[in-house]
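Asker: What follows is a protein structure lacking sequence information:
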C-alpha cells in the first residue's frame with residue numbers, strides 16, 4: 001500500500017478517514033489549508049495546499065498513489081477547483097482517486113450539486129485516473145441542522161431518504177483507499193432505512209426529548225423562506241429537498257455492509273451514538 005493523500009483532513013469526513021487510516025497503520029499525507037488544524041496521527045505527514053492552487057497541490061501529491069478527494073465547498077461554481085485538483089493529481093502521478101460524490105449523480109439530477117458531482121466523476125475518469133465514486137445519500141449528521149424552531153421545513157413532499165452517517169461513509173472510504181480492488185467502481189452509499197421526513201422528525205424527537213415536526217413546503221414557499229440568499233444557494237438548498245420528493249435519495253444500498261462487513265447505523269443509532277450532532281437542539 002503506497003502513500004494515501006487525504007484532502008479535507010480538518011473537516012468532518014476527512015478527519016474521520018485520517019484517524020481510521022492511522023489505526024490501520026497506513027502511510028498518509030494530510031493535505032490541508034491550515035497546518036495548525038491538522039490532526040496529529042502516527043504515520044501521517046502534513047502538506048499545505050488547496051484545490052485552486054494547482055502547482056501547490058501537485059507538489060503536495062508527489063509520490064502519492066491514492067487520493068481521497070473530498071468535494072470542494074458548495075459554491076456558485078466549484079468545477080474550476082475540481083478541474084485544478086484533477087490536473088494536479090494527474091501531473092503528480094497519482095494512480096487512483098476515491099471521490100465523495102452524491103446519490104443519483106447525473107447531468108439530469110434534480111439536486112443541482114449532484115449535477116456537478118456527475119461532471120466531476122466524468123472529469124476524473126476521462127483524465128486516466130482510476131475512480132472510485134462514493135455516491136453518498138444525505139448525511140444523517142445534517143438532519144439536526146435542518147431544524148428551525150422545532151420544525152423541519154422544505155419541499156420534500158412525502159419522499160424518503162436513506163440517511164447515512166459520516167461515520168459509515170468514512171469506514172467505507174478507508175476500505176476503498178487501502179484496497180485497489182475497489183478501483184473503477186461507482187458505489188451507492190446509504191443507511192439501512194428509507195424514511196420520510198415525518199418519520200425522521202419523530203425519531204429525532206424521541207432521541208432529543210424535544211418535539212420536532214416536519215412541514216412540507218411548496219416551491220414558492222421554499223424560495224420565499226430563503227429570500228435574500230443568492231439564487232445558486234436557494235437552488236441547491238431547495239434541490240436537496242426536491243431530490244427527496246422525487247425519490248432520488250430513497251435508494252437503499254448494501255454497499256457499506258458488503259464492503260466493510262458491518263451494517264451502517266440507522267438514523268436512531270446514529271443519533272444515540274453521536275449526541276453532539278443534536279445537542280444544540282436542547283441547550
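Answerer: Looks like it came in fine. Being a predicted model, the structure only gives us computed values, none of them experimental.

Asker: first to last residue in stretch 59-70, what's the distance?
Answerer: 18 Å (C-alpha to C-alpha, to the nearest Å).

Asker: what about whichever strand or helix holds residue 172, average pLDDT?
Answerer: Secondary structure from DSSP states H and E places residue 172 in helix 166-178. Averaged across helix 166-178, pLDDT comes to 98.

Asker: can you give me how far it is from the chain middle?
Answerer: 11 Å (C-alpha atoms, centre = their mean, to the nearest Å).

Asker: what do you get for stretch 179-189?
Answerer: 16 Å.

Asker: try stretch 17-30
Answerer: Worked out by C-alpha atoms, centre = their mean, stretch 17-30 lies 18 Å from the chain centre.

Asker: Enumerate the positions of it that are buried.
Answerer: Neighbour counts over stretch 17-30 (16 or more other C-beta atoms under 10 Å) mark 17, 18, 19, 20, 21, 22, 26, 27, 28, 29, 30 as buried. To be clear about C-beta, it is placed using only N, CA and C from the backbone, and glycine gets the same treatment.

Asker: ditto for stretch 267-275
Answerer: So, applying 16+ other C-beta under 10 Å, buried residues of stretch 267-275: 267, 269, 270, 271, 274.

Asker: Can you tell me what sits against it?
Answerer: The contact list for stretch 267-275 (C-beta atoms under 8 Å, 6 or more residues apart in numbering) reads 140-141, 143-144, 163, 165, 167, 191, 193, 195, 200, 203-204, 206-208, 265, 277-278.

Asker: Report the buried members of those.
Answerer: For the contacts of stretch 267-275, buried by 16+ other C-beta under 10 Å: 140-141, 143-144, 163, 165, 167, 191, 193, 195, 200, 203-204, 207-208, 265, 277-278.

Asker: one step back: among the contacts of stretch 267-275, which are located in helices?
Answerer: 167, 200, 203, 204, 206, 207, 208 (DSSP state H).

Asker: Give me the distance between residue 68 and residue 132.
Answerer: 10 Å (C-beta to C-beta, to the nearest Å).

Asker: ditto for residue 232
Answerer: From residue 232 to residue 132 the distance is 28 Å (C-beta to C-beta).

Asker: Then residue 4?
Answerer: On the measure of C-beta to C-beta, residue 4 and residue 132 end up 12 Å apart.

Asker: Residue 186 now?
Answerer: Applying C-beta to C-beta to residue 186 and residue 132 gives a distance of 8 Å.

Asker: When the two are compared, which one has more neighbours?
Answerer: residue 132 (27 against 14; other C-beta atoms under 10 Å).

Asker: hmm, back to that, check the contact lists of residue 68 and residue 132 and give me the overlap.
Answerer: residue 98.

Asker: does residue 55 sit in a helix, a strand or a coil?
Answerer: Secondary structure of residue 55, reduced to three states by DSSP: H, G, I helix; E, B strand; the rest coil: helix.

Asker: And the pLDDT at it?
Answerer: Reading off the model, residue 55 has pLDDT 97.

Asker: Checking residue 5 next. Helix, strand or coil?
Answerer: Residue 5 - assigned by three-state DSSP - is strand.

Asker: list the contacts for residue 277?
Answerer: 140, 141, 144, 270, 271.

Asker: Out of those, flag the one nearest to residue 48.
Answerer: Nearest to residue 48 among those is residue 141, at 26.9 Å by C-beta to C-beta.

Asker: And that closest one, how close does it get to residue 11?
Answerer: From residue 141 to residue 11 the distance is 12 Å (C-beta to C-beta).

Asker: Run through the helices of the stretch 101-250 of the chain in chain order.
Answerer: 112-126, 166-178, 197-208, 219-225, 231-246 (DSSP state H, counting those that start in this stretch).
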